[in-house]
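J.: pasted the sequence and its predicted model underneath.
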Amino acid sequence: MDSLAGGGDTAVYVHQHELPSVDGVLPPEYAARRESELEPILRQNDNTYASEATPLYYEDEALYSTTTGYAEELLGDEPVHVSKDLTMWRLVAITYFAVAGGPFGLEGVVKFGGPLWALIGILVVPFVWALPVSLITAELSTMIPETGGYIVWMQRAFGPYGAFMLGFWRTFSNIVDAGLYPGMFLDYVLSPIDDRRDVRFVAGVFVIVVMMLVNTRGVGAVGGWNILMFLLTVLPFVVLIVMAAPSFDASVLSRTPAVVNWSSLLTVLLWNNFGYDAASTVAGEVQEPTRVYFRSLITTILLVAIVYAAPVMFLTCVKFPASASWDDFFDQWDEGFFVDIAHNLGGAGMQRWLQVAAGMGSLGLFNASLCASSHALYGMAAYNLAPSAFNKLHKRYRTPYTCIIFICVCCAPFLIFDFDTIVEMDVVLYNISLVMEVAAFFRLRIVEPRTPRPFKIDVSMPALVVMVLPTIAIAIFGLATSSSRTLLMIVGGFVVSNIAWVIKYYWLDEDAKEQ
């Protein structure tokens, strides 16, 4: 059954497959559903249209299997079917590395808050900050299972301007975030061998190219790679914990430094716990999203909490040298200190093993970040919010290869940036986009109450507000305590993003119409 929908200057066909009917007539409940789900497309203006990349899903497992439609422009082309390669565990692997990469980079929580506040933060932040984000991601990803994720949410909630603004900030954030990880890989693996700047840059570019090729093969390849990376990064910590177990002293876990650096502690905790919404960007490629999303996100939260808490709990008890004060010992917990602990417990061999594992964790982080950021950029292009060059799929692997190449090229300059500077910038950019995503969630609850939500946070609106308050409060606190340099960057980004929107909306789009 085909139906024709006209939105602005663009006519759109919607193909319906296997809808239950009696004598060719669609039952009322399905007709209402079809009208409800087509509403977002019908109300799109001439600057936003359904493209080959915007699949529509109709799912009701209690009544029929899965019915999938595709919206396409009237260009005579067949809809593009994106391959569904992501199983639950592959999605867990991608989400895990979008959030974590092992405990590496977590050392600062001990330096800034001591074992007590480090453990409290590790166990509390995922549930008061990350869990609401995960629940929102699960609901909206099953409601709108499209490649592009949060970009598509924002488009449905606030239209082209909102989607463009979120896309700008998330693209900026994703490039900064992805740019961290090749440098981290080199810090762990290459620096002990050859730390020359030219060698470091060439090696970094090589790493970026390899991960670019993995992403071009598809999300299935990314998920499979990251499962292997998870095993390689966790195994040496299991060995370290076993070696440190005889030194465990529960009294050490109650210690705090003389002065707790709350701002830096929160920054490190947030940086090590954001990224759960990255799972939304590959929603169009997940097998059985209704069943998989919630399970995979909860599994990832628990996995991250365990991987973070266990090393801090056991390795903070291994003080060295023995004559050092506890404050002096905690003050040594800078990035890379786990490697020093490995050398102290197991010698040079154990140290080198952990360095290689840290490098593998960095590759997993980069792999997942590149996957999420390229699919988000592709989602923007599908809605005419980014250049059409980004709305292209690889002919063989059906992956957004132009987006992948663009993100990789933008990452290369960050090989020479300072780690701490990039982390603060990354957290602030993510917090801005997170607030926008939460706003989109509430907006869609109000304007599309009838749209089917295979997974739904089944509480009242006031309860939803209470649920997200800690997330928003922490995000605002992170913004308020940022350095003046970072705040200046935010103001500059706001100005540039709006100028870019004006150029796009009032100049480029007008030129396109005239042609």
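T.: Structure's in. What do you need?

J.: how is residue 386 assigned, secondary-structure-wise?
T.: coil (DSSP: H, G, I helix; E, B strand; the rest coil).

J.: what about the closest residue to it other than its chain neighbours, neighbour count?
T.: Spatial nearest neighbour of residue 386, excluding adjacent residues (C-beta to C-beta, 6 or more residues apart in numbering): residue 380 at 4.0 Å. The way it works is simple: take the backbone N, C-alpha and C, and place the C-beta from them, glycine included. If you count neighbours by other C-beta atoms under 10 Å, residue 380 ends up with 26.

J.: sketch out the low-pLDDT regions of the stretch 51-200 of the chain for me.
T.: 51-85, 191-195 (pLDDT under 70).

J.: run through the strands of it in chain order.
T.: Under the criterion DSSP state E, counting those that start in this stretch, strands of the stretch 51-200 of the chain are mapped to 55-60, 64-73.

J.: show me where pLDDT drops low in the stretch 301-450 of the chain?
T.: 323, 416-421.

J.: helices of that one, start to end?
T.: 326-331, 337-382, 401-411, 419-447 (DSSP state H, counting those that start in this stretch).

J.: list the contacts for residue 103?
T.: Residues in contact with residue 103, defined by C-beta atoms under 8 Å, 6 or more residues apart in numbering, are 237, 307, 308, 311, 312, 338.

J.: which one of those is nearest residue 249?
T.: residue 312 (13.7 Å; C-beta to C-beta).

J.: check contacts around residue 404.
T.: When contacts are counted by C-beta under 8 Å, 6+ apart, residue 404 touches 212, 215, 216, 370, 374.

J.: and the gap between the closest residue to it other than its chain neighbours and residue 118?
T.: Leaving out its chain neighbours, the residue that sits closest to residue 404 by C-beta to C-beta, 6+ apart is residue 374, at 4.5 Å. Residue 374 sits 34 Å away from residue 118, going by C-beta to C-beta, to the nearest Å.

J.: my guess is residue 149 contacts residue 379, does it?
T.: Yes: counting by C-beta atoms under 8 Å, residue 379 is a contact partner of residue 149 at 6.5 Å.

J.: compare the two (neighbour count), which wins?
T.: residue 379 (33 against 27).

J.: between helix 337-382 and whichever strand or helix holds residue 238, find me the angle.
T.: Using DSSP states H and E, residue 238 maps to helix 219-244. If you take axes from the mean of the first three to the mean of the last three C-alpha atoms, to 10 degrees, helix 219-244 sits at 160 degrees to helix 337-382.

J.: which other helices and strands does helix 219-244 contact?
T.: Helix 219-244 is packed against helix 88-99, helix 197-216, helix 289-315, helix 337-382, with contacts defined by 3 or more C-beta pairs under 8 Å, 6 or more residues apart in numbering; DSSP states H and E.

J.: out of the contacts of residue 404, which is most surrounded?
T.: residue 215 (29 neighbours).

J.: and the next element down the chain from the helix holding residue 238?
T.: Using DSSP H and E, the first helix or strand after helix 219-244 is helix 262-271.

J.: circling back: need the contact list for the residue nearest to residue 386.
T.: Taking C-beta under 8 Å, 6+ apart, one finds 148, 151, 163, 164, 167, 171, 386, 390 in contact with residue 380.

J.: neighbours around the last one, how many?
T.: Going back to what we said before, that points to residue 390. 21.

J.: nearest residue to it other than its sequence neighbours?
T.: residue 381 (3.7 Å).

J.: and if you look at the fifth one?
T.: For residue 167, the nearest residue in space outside its immediate sequence neighbours is residue 380; the separation is 4.2 Å by C-beta to C-beta, 6+ apart.

J.: cool, the second one as well?
T.: Sequence neighbours aside, residue 379 is the residue nearest to residue 151 in space, at 4.0 Å (criterion: C-beta to C-beta, 6+ apart).

J.: assess the claim that the one you found and residue 280 are in contact.
T.: No: with contact defined as C-beta under 8 Å, residue 379 and residue 280 do not form a contacting pair (9.6 Å).

J.: what do those two both touch?
T.: residue 149.

J.: what residues of stretch 128-144 count as buried?
T.: 129-144 (16 or more other C-beta atoms under 10 Å).

J.: my bad, should have said stretch 423-437
T.: Residues 423-437 are the ones in stretch 423-437 that count as buried (16+ other C-beta under 10 Å).

J.: list the neighbours of that stretch that are in contact with it.
T.: 133, 136, 150, 153-154, 162, 165-166, 169-170, 172-173, 176-177, 180, 267-268, 270-271, 274-275, 277, 471-472, 475-476, 478-479, 482-483, 486, 489-490, 493.

J.: do the same with stretch 484-501
T.: By C-beta under 8 Å, 6+ apart, stretch 484-501 touches 161, 164-165, 168-169, 172, 424-425, 428-429, 432, 479, 482.

J.: of all those, which comes closest to residue 204?
T.: Nearest member of the contacts of stretch 484-501 to residue 204, counting by C-beta to C-beta, is residue 425, at 18.8 Å.

J.: contacts only, for residue 373.
T.: Shown in contact with residue 373 (C-beta under 8 Å, 6+ apart): 170, 171, 174, 175, 177, 178, 281, 403, 407.

J.: chain neighbours aside, what residue packs nearest to the second one?
T.: With sequence-adjacent residues excluded and distances taken as C-beta to C-beta, 6+ apart, residue 171 is closest to residue 377, at 5.9 Å.

J.: over to residue 360?
T.: residue 232 (4.5 Å).

J.: how much space between that neighbour and residue 107?
T.: 20 Å.
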